[in-house]
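**Q** The sequence and its predicted three-dimensional model are supplied below.
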Amino acid sequence: MEQKKFDLNSFIGMLLLGGILLWWMNTREPEVTPETTKTEQVSETATTQNNLAETTVLNDSLQQVALKNKLGAFAYGASTSKKGSTSIENDLIKLTIDNKGGQITEALIKNFKTYDSLPLYLVKDNNASFNINFGTTDNRILNTKDLLFTPTLTKNGDTQILSMKLKVSETKFLEYRYEIKKDDYRVDFAVRSQGLNSVINSSQAINLDWSLKGFRHEKSLKTENMYSYYYYKADDEVDYLQMNDDETVSDVNWVAYKQHFFSSILSSDTPFNEASLKSVDFDGEEKDSVFTKSYGLKTPLALTNGELNYNMQWFYGPTDYNLLESYEGTGLDEISDLGWGIFGFLNRTVFYPVFNLLKGFIGNFGLIIILMTIVVRIIMSPVLYKSYLSSAKMKVIRPEMEEINKKYPGKENAMKRQQETMAVQRKAGVNMMSGCIPALMQMPVFFALFKFFPTNIEFRQKSFLWANDLSSYDLIYQLPFNIPFYGNHISLFPILASVAIFFYMRMNQSQQANMQAPTQEGMPDMQKMMKYMIYFSPIMMLFFFNNYASGLSLYYFISNLLTIIIMLIIKHYVIDEDKIHAKIEENKKKPEKAKSKFRERLDNAMKQAQEQQAAQQKAKKKK
């Protein structure tokens, strides 16, 4: 058997392999632990944030460059201001002023509601815009409505002061300053610039632009439009624009966007020069219409020593004559639309003082209308009595006048007939004009009250009987269709007023028949015309007043009813026809008074006309 020998080479190889294995196990890197992974993630996040920060800085820099290119010096204010709004208010109004444009974006009238019981806003939902357009020395055209203002709200007692600044720097800016006091619808408003003489280009026009679309607030859009007007005061005189009109006027103290019962007014201590005014009606169905009219003002502003400096005033509130009259020297009371001339005079000096007296101790405005009507009828009753007295005298002498017509028939005797008729009337003491006097005297009262009731805000949303708003029509039935000139509803007060005026005219017809001389040849039959009027007038009133203020229809109903009662009392208990007849017979026996110069001229003129007529007739016969 072969004996195995020790292999030295194999032994050395094994040792080398073992050494290599030990070296490898001691020198390789340890595995990555979770803690090491977190460290790397933190490192990566920090790197990302640094990159984002660098990107933000870069974007901000780019934005600053873009603002600088767009706004020039006003880029500072745009970068330091933020979007938002600030409210100032008192017990009467609340105004919201937006940082963008520094303008009023909401004007809430607190103590009033719309016809459908919603909060009453004059400004809301971008229906108004206030802007100043100007050029800069670096050839830019800017609009304040597009720029951000910085607000600062402070209080001084009961006065809130809101400063809105459009900044070029902390010491250079354009400022809108609002000051609202306690219990006042007026808000002081100043437009001032500081340090902008080197920024604003004085060679270019600086234009103020104020526009507003008037919201519908009342039940009848037709009536609301009728009493909505653009008023303004220029050269110390108040005037207004016609519907769908525009005009350029000078030295404008204030402009008023009147919406029937509420107004938005901008006034200035420094009159606006060459102001462009514009009023536009909106077309559309009543049930779908949101707005009544659109108003606009555009006027240049002047620089003083290179700066803007205007003291203005906003008014957002009711068009209340008593309130506006208290602003003495402004002329704002004239936008109450009380009528021109004698009609406005009667409303200011008679009807408003009487109304203010009655409302001091009577809370029901329907009763106030009735009492005012009674006062007017009592004041007018002596005139009514004179008219009836003349009517009774004419009735007594009517047989004599018919005899004169028979005695002098034909056109050739017209002058003679007229002379004899006037002689009989003169002896009887009858004045033919006395029948017209009551109607003439009542016309100013009629037209004055026609303005008083629909424009007096005190009647707004005040109820009486079935009428829930004396400033608008009373509704007893809603029609499913629209009748031209009448409307889509039935109002009861106009019906009652029409019935009353029918019976009044029936009674008045008999009175006028006595006043009229017997119908002469070639003359129109006034009796037939009166009969037509008896039926036409009530129908016209029914259609005309169906959409008008129920307080106005209530007044005419009570007025005609009282007139009928007074006429019946005068006819049956005051006037005695037998005494009148005896008095006339007594007057006939008295010698006729000396003729006045006027009467002599009248008689001579009639005599000459008669002679001329006779000569013409002779000339015709010869031919």
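**A** On my side now, so go ahead. Numbers count the residues shown, from 1 in each chain.
**Q** could you pull out the helices for the stretch 151-300 of the chain?
**A** With DSSP state H, counting those that start in this stretch, the ranges of helices along the stretch 151-300 of the chain come out as 221-226.
**Q** mind listing the strands in it by residue range?
**A** Per DSSP state E, counting those that start in this stretch, the stretch 151-300 of the chain carries strands over the ranges 159-167, 173-180, 186-194, 206-215, 230-234, 237-240, 245-249, 252-259, 262-272, 275-281, 291-301.
**Q** Now the third one - C-alpha only, PDB.
**A** Right, strand 186-194. In PDB, the C-alpha atoms belonging to strand 186-194 read as follows (Å, rounded to 0.1, in the frame of the first residue of the first chain):
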ATOM      1  CA  ARG A 186     -73.500 112.600   3.400                       C
ATOM      2  CA  VAL A 187     -69.800 111.400   3.200                       C
ATOM      3  CA  ASP A 188     -67.000 113.900   2.900                       C
ATOM      4  CA  PHE A 189     -64.700 112.800   0.000                       C
ATOM      5  CA  ALA A 190     -61.400 114.300  -0.800                       C
ATOM      6  CA  VAL A 191     -59.100 113.600  -3.800                       C
ATOM      7  CA  ARG A 192     -55.600 114.800  -3.100                       C
ATOM      8  CA  SER A 193     -52.100 114.000  -4.400                       C
ATOM      9  CA  GLN A 194     -48.800 114.500  -2.700                       C
END
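**Q** so what strands line up beside that strand?
**A** Taking DSSP bridges as the criterion, strand 186-194 forms sheet pairs with strand 173-180 (antiparallel), strand 309-318 (antiparallel).
**Q** Tell me which of these sits most buried.
**A** Of all these, strand 173-180 carries the top mean neighbour count, a mean of 22, counting by mean count of other CB atoms under 10 Å. For every residue, glycine as well, the C-beta is placed using N, CA and C.
**Q** residues making contact with that one?
**A** 77, 88-90, 93, 95, 97, 102-103, 132, 144, 149, 159-167, 187-196, 308, 314 (CB atoms under 8 Å, 6 or more residues apart in numbering).
**Q** show me what contacts residue 306?
**A** So residue 306 contacts 196-198, 200, 202 (CB under 8 Å, 6+ apart).
**Q** For residue 203, see how far away it is.
**A** 11 Å (CB to CB, to the nearest Å).
**Q** now do residue 506
**A** For residue 506, the distance to residue 203 - CB to CB - is 76 Å.
**Q** who's more crowded, the two?
**A** Between residue 506 and residue 203, counted using other CB atoms under 10 Å, the more crowded position is residue 506 (13 against 7).
**Q** In three-state terms, how would that one be classified?
**A** Here residue 506 is recorded as helix under DSSP: H, G, I helix; E, B strand; the rest coil.
**Q** quick one, what contacts residue 295?
**A** Applying CB under 8 Å, 6+ apart to residue 295 gives the contacts 211-214, 230, 255, 257, 264, 278-280.
**Q** By neighbour count, which of those residues wins?
**A** residue 257 leads these on contacts (other CB under 10 Å) with 28 neighbours.
**Q** That one touches residue 212, doesn't it?
**A** Yes. If you go by CB atoms under 8 Å, residue 257 and residue 212 touch, sitting 5.2 Å apart.
**Q** Between the two, which contacts overlap?
**A** By CB under 8 Å, 6+ apart, the residues touching both residue 257 and residue 212 are 264, 295.
**Q** hmm, back to that, and the contacts of strand 173-180, which are buried?
**A** Buried members of these, scored by 16 or more other CB atoms under 10 Å, are 77, 88, 90, 93, 95, 97, 102-103, 132, 144, 149, 160, 162-167, 187-193, 196, 308, 314.
**Q** Okay, buried residues for stretch 469-476 please.
**A** Buried, per 16+ other CB under 10 Å, within stretch 469-476: 469-475.
**Q** what's the span of that stretch from first residue to last?
**A** End-to-end distance for stretch 469-476, by CA to CA, to the nearest Å: 13 Å.
**Q** what does that stretch rub up against?
**A** Here stretch 469-476 has contacts from 115, 218-220, 223, 261, 365-366, 369, 453-454, 456-457, 459-464, 466-468, 487, 489-493, 546-551, 553-554, using CB under 8 Å, 6+ apart.
**Q** Pull out the buried positions in stretch 226-241.
**A** Those would be 227-234, 238, 240-241, for stretch 226-241 by 16+ other CB under 10 Å.
**Q** ok, so of these, who is nearest residue 373?
**A** Nearest to residue 373 among the buried residues of stretch 226-241: residue 227, at 22.2 Å, using CB to CB.
**Q** Grab the nearest non-local neighbour of the closest one.
**A** Excluding the flanking residues, the one nearest residue 227 by CB to CB, 6 or more residues apart in numbering is residue 260, at 4.3 Å.
**Q** got it, and residue 567?
**A** Residue 567's closest residue in space is residue 507 (CB to CB, 6+ apart), at 5.6 Å.
**Q** So for residue 348, what's the pLDDT?
**A** For residue 348, the pLDDT comes out at 90.
**Q** Count the residues that sit near it.
**A** 17.
**Q** how many other residues sit next to the residue nearest to residue 227?
**A** For residue 260, using other CB under 10 Å, the count is 26.
**Q** Please verify my assumption that it contacts residue 219.
**A** No. Counting by CB under 8 Å, residue 260 does not reach residue 219; the two are 10.9 Å apart.
**Q** show me the residues around residue 322 that make contact.
**A** 352, 356.
**Q** would it count as being in a helix?
**A** Yes. Counting by three-state DSSP, residue 322 is part of a helix.
**Q** Leaving out the residues flanking it, which one is nearest to residue 310?
**A** Nearest to residue 310 is residue 191, by CB to CB, 6+ apart, at 4.5 Å.
**Q** likewise residue 243?
**A** Nearest non-adjacent residue to residue 243 (CB to CB, 6+ apart): residue 281, at 5.5 Å.
**Q** The one you found and residue 305, how far apart?
**A** 43 Å.
**Q** Who has more neighbours out of the two?
**A** It is residue 281, of residue 281 and residue 305, that has more neighbours when counted by other CB under 10 Å, with 14 against 6.
**Q** so what's residue 56 scoring on pLDDT?
**A** Listed pLDDT for residue 56 reads 45.
**Q** Where in this structure is the helix or strand with the lowest mean pLDDT?
**A** Lowest mean confidence among the helices and strands of the chain (mean pLDDT, DSSP states H and E): helix 34-71, at a mean of 52.
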